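Asker: Could you look at this predicted model? Sequence included:
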Amino acid sequence: MDNKALKTDVYTNENVWSDSCEQPIDVEFTLPDYCPDISKIFKCKTATRIASKSLGEKSITVDGSICITLLYCDVNNNLCSYEYQYPFSKVKETETLTSGCNLTAFAKTDYINCRAVSGRKVDIHGAVSIDLRLFCRKSCCIISDIDDRNIEVRRLTAPSTSPMAYNEKYVIVEEEIALSGGAAPIGKIIRYDAYPSVSECKVISDKVMTKGEITVTITYCAENSATPEVVKTLIPFSQIIDMPGVTDTCECETKSSLAFLEVKPKTNSTGECKSFSLNAKLLLCSQAYCVDNVPIISDAFSRKFEADIIKGRVVFTKVCDNVKERFHFKESVNLNESISSILDLWCDIQSKTVKFEDGKMVVSGVILVCIVGVLESGETTFFEKPLDFEYARQLGDVGENSECQPEITVVSCGYTINSPTMLEIRADIALNAAVLEKRGMELVTDLKLNEQKIKPKNNNCSLTVYFVSGNECVWDIARIYNASVDEIIKINNLQDEYVNDGSMLLVPTL
């Protein structure tokens, strides 16, 4: 009955393929001449960054590098480091066509083992897992209304979020980070980290404007000094991402990640090294969507002809909230050994989980606190302490099928030495997450009338007395007698179609 059915397209992002692959780390290197010999290795720190990805007909190629930072102590008990870039290129067969699909790729270190073969040679083994997902925008046609006075329809609305466009953009960030005027020149860099976070995302016609900042931390030693110092700075960024077809009535979610990062000392025109040169490649992934209430038909019957009602299960996705929050974490750490000072400290997100309960989104996980300190004996040492964190946000009306893939970043961290064996750890954590709720509904997807089979008329009476039993409603009763729901409600002066058990109704019959 295409001429009488009004149809609407419902759009969703459908996962067409997902898998993971492992990138092994097997490397042996010798320290360059400017690095002192190794006395004791403290930490082999890794950061996996995906520089580019591409789609073949039935394959995916991911290129990137694993930045390995070796933190160690030399024979003079000084903190030292060496950075090694381990490039990789991974090809994965998909067994499905990739045309028209978008690709997301996320990497994490599964494990890393490091040993000193000699005072200058290091052997490293480990593995990185890369999670891959192909998705594309697909439509499902549903019946939103039927223009036929002989057909009774049960109309509802379903809250739906329709994906409008997805796009990615790589952004180059180059910045000079200068020391304060009275600071001593830079001797060597011990460690550096940078964490991008999106603070604002606004849709304009055919474009998305994104703003955020990169939190940069550099640990270094000045010339002729073995005591590490720390420089922290914020580098703002803003970018316009092309999103054809979106309007200012749409909303959007943008996530950021580092595809490349390099920090080096920079010498000025007078030969002094009093600034750092930062070179970063930032990946912005933006998803635009529109929120609307879609008219649907949950049930229907013909009062005149025999009909086949065809139903299908359609899953509607609704964005319940778009969270961009920063929350503060504070916890005490027992070191089990007495220290006199801290040389370096940083925090990494080790794991995270999300659950929904009592109208709240609860994000929990583990922060790994890494501490390089000096014992009271004068020996340089290293501690790792996993700490649990939890953040709850009231969302209101969220169901059991809610989900989100939060982006969680430690944007800054600090400490207070409360006693020789006790530290208070403080961290500011950025949370970026779109909360989705998926709801499956049985809908009328088609209705086929058999106009050769007319339903028999009841010529004995024009009204039937009906006594309601149990949880019946007017719709159920109207279907039995091929009657009009509106007429039953009108004749019986009902407020709606739900009636009490034992009530008497007058039902107009054909």
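Answerer: Thanks, I have the structure now. This is a predicted model, so every value here is computed, not measured.

Asker: Next, the contact list for residue 433, please.
Answerer: 322, 323, 354, 361, 363, 404, 405, 406, 407 (C-beta atoms under 8 Å, 6 or more residues apart in numbering). In this view, the C-beta of every residue, glycine as well, is placed from N, C-alpha and C.

Asker: let's see it at 10 Å
Answerer: 253, 255, 321-325, 354, 361, 363, 393, 404-408 (C-beta atoms under 10 Å, 6 or more residues apart in numbering).

Asker: Would you mind writing the ChimeraX command to select the buried ones in those residues?
Answerer: Remark: buried members of the contacts of residue 433, expressed as a ChimeraX selection using 16 or more other C-beta atoms under 10 Å:
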select :253,255,321,323,324,354,361,363,393,404,406,407,408
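
Asker: Take the contacts of residue 433 and keep only those in strands.
Answerer: Secondary structure from DSSP state E places 253, 255, 321-325, 354, 361, 363, 393, 407-408 of the contacts of residue 433 in strands.

Asker: Domain ranges for the protein, per the record?
Answerer: 12-137, 148-303, 312-442, 456-510 (automatic domain parsing).

Asker: The first one: how far from the chain's middle?
Answerer: It stands for domain 12-137. Chain-centre distance of domain 12-137: 21 Å, with C-alpha atoms, centre = their mean, to the nearest Å.

Asker: Assess the claim that residue 172 and residue 283 are in contact.
Answerer: No - using C-beta atoms under 10 Å, residue 172 makes no contact with residue 283, being 11.1 Å away.

Asker: shared neighbours of those two, which are they?
Answerer: Contacts common to residue 172 and residue 283, judged by C-beta under 10 Å, 6+ apart, are 259, 260.

Asker: so what's residue 215 closest to, chain neighbours aside?
Answerer: residue 411 (4.4 Å; C-beta to C-beta, 6 or more residues apart in numbering).

Asker: now swap in residue 130 and tell me
Answerer: residue 107 (4.8 Å).

Asker: State the mean pLDDT of stretch 436-446.
Answerer: What stretch 436-446 shows for mean pLDDT is 86.

Asker: In the stretch 1-150 of the chain, where is pLDDT below threshold?
Answerer: Filtered on pLDDT under 70, the stretch 1-150 of the chain yields the residue ranges 1-3.

Asker: can we see that at 50?
Answerer: Residues of the stretch 1-150 of the chain meeting the criterion pLDDT under 50: 1.

Asker: so which strand or helix has the residue nearest to residue 215?
Answerer: strand 407-419 (DSSP states H and E).

Asker: partner strands of that strand, parallel or antiparallel?
Answerer: Partners of strand 407-419 in the sheet, by DSSP bridges, are strand 422-454 (antiparallel).

Asker: Tell me the one of the contacts of residue 433 nearest residue 333?
Answerer: Closest approach between the contacts of residue 433 and residue 333, by C-beta to C-beta: residue 408, at 20.1 Å.

Asker: That closest one pairs with what?
Answerer: residue 431.

Asker: Around the closest residue to residue 109 other than its chain neighbours, how many other residues sit close by?
Answerer: Leaving out its chain neighbours, the residue that sits closest to residue 109 by C-beta to C-beta, 6+ apart is residue 46, at 4.8 Å. Counted with other C-beta atoms under 10 Å, residues neighbouring residue 46 total 20.

Asker: Good, we can wrap up now.
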